[in-house]
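Enquirer: Sequence and predicted structure below; questions after.
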Amino acid sequence: MTGPKNDFEAVVLALKLAVTAPDDERADECVKIVEGFGLSEFEIERAKKEALRQIEEGRVSGHIVIDYDKKIPPVFEIEGVSYPPPVFDPDECTLKDQIVDLLDTADQHYAEFFAGEVEDDYVFPLIDAVKILQAAIERIDTDDGK
């Protein structure tokens, strides 16, 4: 891969990186770079269109654009045991949501157990979290996560 050959190409690259940045802080850094080139409004608009065209083609800096909105899907069932999603809409649930919910529940049960409020064993949500993670890993190993 070669770098930008002129200011226009550099602005296009910075705009692509801004759009595909994993967080606002990095996107803002890219925008500051664009502003530093001092291109006219017309040239910046032209660069924006070119950046969007290249993003739609699926390439940024010679690499495939990464969709940071794509998340590891949840595991709702393991060997006949159902693990309901922690959110109202199962389509909005991710593996992270499931695990965080189980860890929060384990923390709550742990605090209640040591406060003498419950006699239940507080490790069950942790065991469920491990089972779900193992199932997710197996699914990724067998079907490349698709």
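Expert: The structure has been received and is ready for your questions.
Enquirer: Quick one: classify the residue of the chain most remote from its centre as helix, strand or coil.
Expert: In the chain, the greatest distance from the average C-alpha position (C-alpha atoms, centre = their mean) is reached by G116, at 38.9 Å. Recorded secondary structure, G116: coil (DSSP: H, G, I helix; E, B strand; the rest coil).
Enquirer: Domain parsing of this structure, as residue ranges.
Expert: Per the record, the chain has its domains at 7-64, 77-143, by automatic domain parsing.
Enquirer: for this protein, which spans come out with low pLDDT?
Expert: Scanning the chain for pLDDT under 70 picks out 1-2, 58-69, 88, 143-146.
Enquirer: now the strands for it?
Expert: 59-60, 63-64, 77-78, 81-82 (DSSP state E).
Enquirer: For K70, find the nearest of the domains of the chain.
Expert: The minimum distance between K70 and the domains of the chain falls on domain 77-143, with 9.7 Å, by C-beta to C-beta. Where you see a C-beta, it was placed from the backbone N, CA and C, and this is true even at glycine.
Enquirer: now the closest one, how far from the chain's geometric center?
Expert: Taking the mean C-alpha point of domain 77-143 and that of its whole chain, the gap between them comes to 20 Å (C-alpha atoms, centre = their mean, to the nearest Å).
Enquirer: residues in contact with the closest residue to Y110 other than its chain neighbours?
Expert: Using C-beta to C-beta, 6 or more residues apart in numbering and skipping residues adjacent in sequence, the residue nearest Y110 is Y122, 4.5 Å away. By C-beta atoms under 8 Å, 6 or more residues apart in numbering, Y122 lies in contact with 106, 109-110, 112-113.
Enquirer: Show only the entries of those found in helices.
Expert: Members of the contacts of Y122 lying in helices (criterion: DSSP state H): 106, 109-110, 112-113.
Enquirer: buried subset of those residues?
Expert: Neighbour-count burial within those applies to 106, 109; the criterion is 16 or more other C-beta atoms under 10 Å.
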